[in-house]
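# Pasting the sequence and the predicted model now:
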Amino acid sequence: MIEDPPKNPKHEAEFERAMKCGVCGGSLQATTTDLPFKVSEQTIVILKNLPVSQCGACREYLIADPVFAKVEKLLASVDTSVELEIIQFAA
């Protein structure tokens, strides 16, 4: 989730820089998307409705640390004997 801009003018420049794409410099927008993760040689997991910050220009995305911590927990619990698993992400 994207936070509100800081009220301290000293930190406004930092916040603006953080909201820019590291690849092309475009603006990042909060959205949800479906992403695949390869968890073993034979298992792929698709997480649906994953909250990300995505660049409107080049489609690069960032996953916030708290969200990625939940992703790691979900992926650690996947049954690696199946080829494909689709999981609805719940924030």
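Arrived safely.
# ok but Asn49 is inside a strand, no?
Yes. Counting by DSSP: H, G, I helix; E, B strand; the rest coil, Asn49 is found in a strand.
# Would you agree it is in contact with Leu35?
No. Assessed by CB atoms under 8 Å, Asn49 is found out of contact with Leu35, at 10.0 Å. All C-beta spots, glycine's among them, are computed from the backbone N, C-alpha and C.
# quick one, helices of the protein?
Under the criterion DSSP state H, helices of the chain are mapped to 9-18, 65-76.
# Can you give the contact residues for the last one?
Applying CB atoms under 8 Å, 6 or more residues apart in numbering, the contact partners of helix 65-76 are Phe37, Val39, Val45, Leu47, Leu50, Pro51, Val52, Ile63, Ile87, Phe89, Ala91.
# Kindly recompute the last result at 10 Å.
1, 35, 37-39, 43, 45, 47, 50-53, 62-64, 85, 87, 89-91 (CB atoms under 10 Å, 6 or more residues apart in numbering).
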